[in-house]
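# Need coordinates for the below:
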Amino acid sequence: MRLTILGGGGFRVPLVYGALLRDHAEGRVTRVTLHDVDAGRLTAVSRVLADQAAGVPDAPEVSVTTDLDEALRGADFVFSAIRVGGLEGRAADERVALAEGVLGQETVGAGGIAYGLRTVPVATHIARRVAALAPDAWVINFTNPAGLVTEAMSRILGDRVIGICDSPVGLGRRVARVLGADPDEAVIDYVGLNHLGWLRGLRVAGRDELPRLLADSEALGSFEEGKLFGPEWLRSLRAVPNEYLHYYYFNREAVQAYQRAERTRGEYLRDQQAGFYDELSRAGGADGAALGAWHRTLADREATYMAANRDAAGVGERDADDLESGGYEKVALALMRAIARGERTTLILNVRNRSTLSVLDADAVIEVPCLVDRDGALPVAVDPLPYHAVGLVTAVKAVEREVLAAAESGSRENAVAAFALHPLVDSVTVARRLLDGYTAAHGGLAYLRA
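Numbering: from 1, shown residues only. Below you'll find the model as predicted:
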């Protein structure tokens, strides 16, 4: 089976390849094609993968290319993990927003809108090339903003594009561990949009154990989300929010923490990864050197994740138990196995709503548990959203629709509406200034007309 990774020079690609190396079952991926627009990054990542494969006799063969069509031909699965504008673009997204006193995170608020406006046209082009050159392939979208980009691609590829994110899985695993349950055996009730969802229940042997957690303040404050939001707020919600909801529930504190920081998250990652790629370009070919550099960089990256939010909440550094992500590469591998081998499973994914949430239309991409088999991913029935969640979910979905309309038509009016309608942007005047700032910073937004 052949896998193509778009954004194949990206820093997290070795996570995916590591998961493939551990899969020895029949029908496994045997060929991996890395595609990127940056040949230097492709060379660096392929060195890391070569170190990973050393001593593994059946390691998947790796090839690299900067030609998109060449990468897509013959693919059975396509991972889309691109970053339009690179980390320099992310850093600009953050600074333009902070200059207006609003959040500039890469998937939330003004920064997420700017990122979406320049990413959707590229993702749409990729979807068209997949449809033309690999119509039977399944696309697994990692590209942020994941829900928005998946919805854009689904307008061309239908249900053959599925979005994934590791944050709901990581949340579920942390809650299960606090409750003393096996994370792999727990059934998670989770619902929302990408980076805007709530864990509303966690069933073990048919019993919902979340009420027991909510009643125990010490346990509730012992893991990442409990520290960020505080036990009292979680009990008020009667749910555990995705960590990204900290930007909504504690917006003033988050913005102030970002403004105090010496560097934004994007600037930190830009500088860190520039150092990593530069080290690999200068380093010799000693065995394991590339992989060692990657591991050191990854450990630092994970330890500093959402540092500004923890600063705003006054909770200090992440605990060792919280450093484990949901393992997006594991989710992706489980998804491929279910589709390619018929290994039926349940995963939290970004898929078209159908009739799952009555407050959204059938084509709206949502993030919920899905049953996955050879036919793809089908969202399971969930309880209705509480009113506080309805407000956020419908407002952010309206923003996403304005982004999609702007990307399709080039309308500046739709782009301004996207900013102005977002719950974290408090003024139409600010929305207009944000768009001016972003179009000045990003040549890729020149398509937006008056």
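
# What is the neighbour count of Pro57?
Pro57 has 5 neighbours, counted by other CB atoms under 10 Å. All C-beta atoms are positioned from the backbone trio N, CA, C, and that covers glycine.

# Likewise for Val428?
Other residues near Val428 number 13, with proximity taken as other CB under 10 Å.

# Could you do Pro211 as well?
Neighbour tally, Pro211, other CB under 10 Å: 12.

# which SS state does it fall under?
Secondary structure state of Pro211, per DSSP: H, G, I helix; E, B strand; the rest coil, is helix.

# Show the contacting residues for it.
Counting by CB atoms under 8 Å, 6 or more residues apart in numbering, Pro211 makes contact with nothing.

# Same question for Thr143.
Residues near Thr143 by CB under 8 Å, 6+ apart: 7, 80-83, 119, 123, 149.

# How about Phe11?
Listed by CB under 8 Å, 6+ apart, the contact partners of Phe11 are 45, 273, 276, 294, 297-298, 301.

# can you pick the most crowded of the contacts of Thr143?
Top of those by neighbour number is Val149, holding 32 neighbours under the definition other CB under 10 Å.

# and it, backbone torsions?
Reported as degrees, to the nearest 10, the phi and psi values for Val149 are phi -70, psi -40.

# May I ask you to confirm that it is in contact with Gly163?
Yes. With contact defined as CB atoms under 8 Å, Val149 reaches Gly163; the gap is 7.2 Å.

# Overlap in contacts, the two.
Asn141.

# Most neighbours among the contacts of Phe11, which one is it?
The contacts of Phe11, ranked by neighbours (other CB under 10 Å): first place Val45, 29 neighbours.

# which SS class is Arg252?
Under three-state DSSP, Arg252 falls in the helix class.

# my bad, Leu34
strand.

# still on that earlier bit, let me know the closest of the contacts of Thr143 to Ser222.
Relative to Ser222, the closest of the contacts of Thr143 is Ala81; by CB to CB it sits at 32.8 Å.

# wait, the closest one sits on Leu3?
No. Shown here, Ala81 and Leu3 do not form a contact pair, counting by CB under 8 Å, at 11.7 Å.

# Which residue ranges of the stretch 251-400 of the chain form strands?
345-352, 365-373, 376-379 (DSSP state E, counting those that start in this stretch).

# closest to Asp76 out of the ones you listed?
strand 376-379 (13.9 Å).

# Counting by contacts, list what the closest one packs against.
Identification of packing neighbours for strand 376-379 by 3 or more CB pairs under 8 Å, 6 or more residues apart in numbering; DSSP states H and E yields strand 345-352, strand 365-373.

# In its sheet, which strands sit next to that strand, and in what direction?
strand 365-373 (antiparallel) (DSSP bridges).

# May I see the strands of the stretch 251-400 of the chain arranged in TSV, with mean pLDDT as well?
Shown next, in TSV, are the strands of the stretch 251-400 of the chain (pLDDT from 0 to 100):
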stretch	mean pLDDT
strand 345-352	97
strand 365-373	98
strand 376-379	97
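
# nearest to Phe419, of the ones you listed?
When those are compared by CB to CB, strand 365-373 sits nearest Phe419, at 20.5 Å.

# what does that closest one contact?
147-148, 150-151, 154, 163, 165, 168, 188-194, 196-197, 334-335, 338-339, 342, 344-353, 356-357, 360, 377-380, 382.

# Weed out the non-buried ones from the residues you listed.
Neighbour-count burial (16 or more other CB atoms under 10 Å) is assigned, among the contacts of strand 365-373, to 147-148, 150-151, 154, 163, 165, 168, 188-194, 196-197, 334-335, 338-339, 347-353, 356-357, 360, 377, 379, 382.

# Which ones among the contacts of Thr143 lie within strands?
Members of the contacts of Thr143 lying in strands (criterion: DSSP state E): Ser80.

# Which single one of the contacts of Thr143 is nearest to Asp136?
Nearest to Asp136 among the contacts of Thr143: Ser80, at 16.5 Å, using CB to CB.

# Give me the most central residue, this structure.
In the chain, the centroid-proximal residue (CA atoms, centre = their mean) is Cys165; its distance is 4.5 Å.

# phi, psi of it?
Phi and psi for Cys165, reported as degrees, to the nearest 10, are phi -150, psi 140.

# just the one 5 residues further on next, same as before
Its backbone dihedrals place Gly170 at phi -60, psi -40, with angles given as degrees, to the nearest 10.

# and it, what pLDDT?
You'll see Gly170 listed with a pLDDT of 93.

# What is the burial count for it?
Gly170 sits with 22 neighbouring residues when counted by other CB under 10 Å.

# how far away is Leu193 from Ala389?
As judged by CB to CB, to the nearest Å, Leu193 and Ala389 stand 10 Å apart.

# Adding distance to Leu21, write the helices and strands packed on strand 376-379 out as CSV.
Listed next are the helices and strands packed on strand 376-379 as CSV, based on distance: least, CB to CB, whole Å:
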stretch, distance to Leu21
strand 345-352, 21
strand 365-373, 23
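
# Give the residue spans of the stretch 151-300 of the chain that score low on pLDDT.
283-287 (pLDDT under 70).

# where do the helices sit along it?
167-178, 210-214, 217-220, 224-229, 231-237, 246-249, 251-260, 265-282, 289-303 (DSSP state H, counting those that start in this stretch).

# List the buried residues of the third one.
Of the residues in helix 217-220, those with enough neighbours to count as buried (16+ other CB under 10 Å) are 219-220.

# could you point out the longest helix in this protein?
Secondary structure of the chain per DSSP state H: the longest helix is helix 109-133.

# Check which helices and strands the helix or strand following that helix is in contact with.
Tracing the chain past helix 109-133, the next element assigned as helix or strand by DSSP states H and E is strand 138-141. Packed against strand 138-141 by the contact rule (3+ CB pairs under 8 Å, 6+ apart) you find strand 77-80, helix 109-133, helix 146-157, strand 161-163, helix 328-341.

# what sits against Pro330?
Residue 330: Lys, not Pro. Taking CB under 8 Å, 6+ apart, one finds 19, 169 in contact with Lys330.

# buried stuff in stretch 135-144?
By neighbour count on 16+ other CB under 10 Å, the buried set for stretch 135-144 is 137-144.
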